[in-house]
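J.: predicted model, plus sequence, below.
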Amino acid sequence: MVEVTLWGSLGALAGGNSKVEIEAKDIRELFRKLAEQYPGLEPWIDKGIAVAIDGTIYRDTWSKELPQGAEIFLLPRLAGG
Amino acid sequence: MNFDPRFSGRKFTSVGTRPIRPDGVDKVTGRARYGADFNMAGQLVGRILRSPHAHARIIKIDTSKAEKLAGVKAVITAADLPDLTNGDAAMYDVLDNCMARTKALYDGHAVAAVAAIDARTARQALKLIEVEYELLPHVTDVDEAAKHKAPLINDAIFTEGLEEKPVKPSNVTKRSQFGHGDVHQGFGQADFIVERSFKTEQTHQGYIEPHACVANFSSDGTADLWVCTQGHFVYRQHCAQLLGMEASKLRVTSSEIGGGFGGKTHVWAEPVALALSRKAGRPVKLVMTRDEVFRASGPTSATSIDVKIGARKDGTITAAEATLRYSCGPYAGSWAEIGAMTAFACYKLDNVKTVGYEVLVNRPKTAAYRAPSAPMAAFAVESAVDELAKMIGMDPVDFRIKNAAQEGTRSSYGPVYGPIGIGPTLEAVKSHPHMKAPLGENQGRGMACGFWFNFGGQTCTDLNIGMDGSVSLAVGTVDVGGSRASLSLVAAEELGIAYEHVKAVVADTSSLGYNDMTDGSRGTFSSSMATISAARNAIKILRERAAQMWDIAVDDVVWEMGHAVAKGEKHGNLGKLSLKEIAVESGKTGGPIAGHSELVADGAGVSFATHICDIEVDPETGATRVIRYTVVQDAGKAVHPTYVEGQYQGGAAQGIGWALNEEYIYGKDGRLQNPGFLDYRIPVCSDLPMIDTQILEIPNPNHPYGVRGVGETSIVPPLAAIANAVSNAAGVRMTHIPMSPPRILAAIEAEREWSK
Amino acid sequence: MAGVAVSTTINGDSVEFLCQPDETLLDVLRDRLGLTGAKEGCGTGDCGACSVILDDRLVCSCLVLGAETEGRRVETIEGMAHGDTLHPLQQKFLEHAALQCGICTPGFLIAAKDLLAKNPDPTEEEIRFGLAGNLCRCTGYDKIVRAVQDAAIVMKGA
């Protein structure tokens, strides 16, 4: 079980929760279960969400493991120059 | 992939040196080929017809006269670029921006295009295309557009991100929010509060090379595209999608790029050139004029930002809040969102809240510009921080040091920071001689901090070892400012050979796997990671070949300083084998030796900078002069320090132009008044002093050499640093960028009036 | 429109070409003669990327007609090095990393060459004003000014 923090706008779509508990071992499972439990998040996940694990931002790595006790933070994907 | 990206703390031989870049001689002799320097046999000239109206419905386009003109080989409209985006809203916007479908949404919006035998014929043909428009009310100002009564730009847009779904369409496409704690409670604990509103005007990336491409669509359904771009693989995907091609049938070659700064991350005219070539059956060269670059390619957002910050008497910030409105052009974007994330990222805050609003306006589609959205947010926040320090009676550097984020701080955008450089840049500034230098009359000093995320992303690199022991490095990230030099250094470092034996090239889309764009300061970060990985894979093979040459077990062979070395007592009499010695025999030991790497470079370290500047203001005219400028920034590890300095100086110079001069000026008719370098004035040599730099190296734990991106952060602090300096020099707080002489003079006169 | 036959000297070589009366020297160089070292950044004489020297005078080739070069001498970036020996300015631009993207570099080198020909020992301010007609968006000009200063020293010693 990992605790996932959602950024402000995303929380509103997850029933007003800024933190949710998810049983997930990696980023892929996290996205799948988030979409199952909070259907409102699915379009955002499809559009692309970044996952910060202990402060390090990951974008495209489904297999990235979510260590127990790690801080998991969802962020919007960004554009850069 | 068992590549270990963690920082290893090794000692460097090549990395950190300053050799001459491999593409240098071509660039000083005029031989380097940029977007417009390529030609094909039988090529036509492509030109685009653009809307003169800010907002208009397209009733009818009659191309018949143009088609009949001798020498015209193709005329296209949106009908020749059918919608193949299949519900992908972002791509539909890209398509509509390339060629308006039902409405022209800004002055400069493409409505038709021609391909003709020469430029003169193409220009004549454009004049023969008849477009019937129904003019619609327009809005170009970000605050006006956000009002309820503003003309609607797209009536299918309802604000996203609101708790209750809106019933009416709006020009505000999205609301986003970040933060933690309770700002209301935080402000309750404050002894001092600063609350102010700020505006920044729209600027252009201002690359000197206009967009240019040559498209060659063949009758067998394949195509080639030569183009100046920051991301040829992304251009391939977008063009293939818009033209209904398989990506592998479109080969995109990136030319040398004459500046991008984010503006060449987006397709503008390339799908049009391909569609023209498809219709004409001949290659088409399409080069934008400078006027077109300004009117129709990616400017940054204009913004309007409200900031409120509170602190206790001891200088501790108790709460910080900002509302940010960013213009997106006529299509939805996420620019305010990024501003909302970066605004307070430098500080350790218990109570922070930022809200961003994306606003549609009848201006060109906003594109990324170097650390997009961060400079404007930093301008507002760092101006307020300076004012608050003054109110409390603290030195602005000490005030920032007291509140600076550290390792373990929860960032204002959410996650907790690892090792970061904001504190060290501030300490470096505090002890920098610039801070103690005397100031003359009418001169003021300002400083400010800035933050940028930095990206990683998909990256693919090939490293091939020739039979003479020299190394070809093929990378897929476009070299915008010297990365072929830095990546050659990295390959040399990892293999243990001399820099001179490595030759790096940017491979085309058919020669290498997919790579994300060179954006988000990721070029050297990501491709160096992939280069290290590829080199390690090559070393594995080199060890195997050495083992074969010695006829011993590969586990007994290690790689040290460019040589295979046999370890263990029984191999005591074996000498070393150099990379070259192994390569020479490669034909007999299993064939070519190469290392490949395909990876997602994650863990780009966030980056911070602090800038100092001295400005002289003429109180009679409002004219300004930059007297001295210093950049202090964390690079993680500077692979080629000279080019890191160059990034620091270039970002500062762009920021100076933005702060003091540059702005898009629209008339009441919604047309851009200054689409040229004469009236949109970017800094020239005589406007600037030398720009001093100090590189700090706080290693990124997620990169083998500790590298962070360096390209973008340097444009984040200047707006605020200069605003603080001008405010100190003129004795009046400046809240509107650019601080052009009339604005400064008006502020000085208002202050004189008020103090009478 | 009938073409104009032009005889001129480019980088020391006699060159003959046919061009339209309204065709710029920049277009002639790039499109007819294959000399693409001069760049078009604006087409209005504001950026200096197309700088060439016409009879010892620095000009923006986008503001000169091809036909105007009849009987005159044109120097472009392609003629700056002697064989494989770079001009000291070219060498110093490389050593100082006075270029990032490099699109403005040919124009800067031509303008700097003209500047040093007229003022072999310029102050920093003279260099900055001498090169104010050339735009660079990448470097902030710092390393360009240093490269020109260093080249001036080398050229005085030569």
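T.: Arrived safely.

J.: tell me, how many residues neighbour residue 63?
T.: I went with chain A, as the question did not name one. Around A:Ser63 there are 10 other residues, counting by other CB atoms under 10 Å in any protein chain shown. Every residue, glycine included, has its C-beta placed from N, CA and C.

J.: my bad, chain B
T.: 22.

J.: residue ranges of the strands in chain A, please?
T.: With strands called from DSSP state E, chain A shows them at A:2-5, A:19-22, A:49-53, A:56-58, A:72-76.

J.: and among those, the most buried is which?
T.: strand A:72-76 (a mean of 23; mean count of other CB atoms under 10 Å in any protein chain shown).

J.: give the rounded mean pLDDT of that strand.
T.: What strand A:72-76 shows for mean pLDDT is 88.

J.: would you map the strands across chain C?
T.: Under DSSP E, chain C gives strands at C:4-10, C:13-19, C:51-54, C:57-60, C:73-75.

J.: rebuild the ones you listed as CSV, extending it with mean pLDDT.
T.: As requested, the strands of chain C are arranged in CSV below (pLDDT from 0 to 100):
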stretch, mean pLDDT
strand C:4-10, 98
strand C:13-19, 97
strand C:51-54, 98
strand C:57-60, 98
strand C:73-75, 98
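
J.: of all the ones you listed, which one is nearest B:Gln694?
T.: strand C:51-54 (33.8 Å; CB to CB).

J.: which helix is the longest one in the chain?
T.: Chain wasn't specified; assuming chain A. helix A:27-37 (DSSP state H).

J.: not what I meant, chain C
T.: Chain C, longest helix under DSSP H: helix C:142-157.

J.: which residues are in contact with that helix?
T.: By CB atoms under 8 Å, 6 or more residues apart in numbering or on different chains, the residues outside helix C:142-157 that reach it are B:642, B:645-646, B:649, B:685, B:688, B:690-691, C:88-89, C:91-93, C:95-99, C:108, C:112, C:115-116, C:120-122, C:124, C:127-128, C:131, C:136.

J.: at contact distance from chain C, anything in stretch B:14-26?
T.: Yes - under the criterion of CB under 8 Å from any CB of the partner chain, chain C is reached by stretch B:14-26 at B:Arg18, B:Ile20, B:Arg21, B:Asp23, B:Gly24, B:Val25.

J.: give me the buried positions along stretch B:370-387.
T.: B:370-387 (16 or more other CB atoms under 10 Å in any protein chain shown).

J.: now the most centrally placed residue in chain C: closest residue in space that isn't a chain neighbour?
T.: Closest to where the C-alpha atoms of chain C average out (CA atoms, centre = their mean) is C:Ile110, at 3.1 Å. Take C:Ile110 and drop its neighbours on the chain: the residue closest to it by CB to CB, 6 or more residues apart in numbering or on different chains is C:Ser51, 4.3 Å away.

J.: so how far is the worst-scoring helix or strand of chain A on mean pLDDT off the chain centroid?
T.: None of the helices or strands of chain A scores lower by mean pLDDT, DSSP states H and E than helix A:8-13, at a mean of 77. The chain centre lies 12 Å from the centre of helix A:8-13; the measure is CA atoms, centre = their mean, to the nearest Å.

J.: neighbouring contacts of it?
T.: Contacts of helix A:8-13 (CB under 8 Å, 6+ apart): A:17-18, A:38, A:40-41, A:44, A:49, A:74, B:161, B:163, B:174-179.
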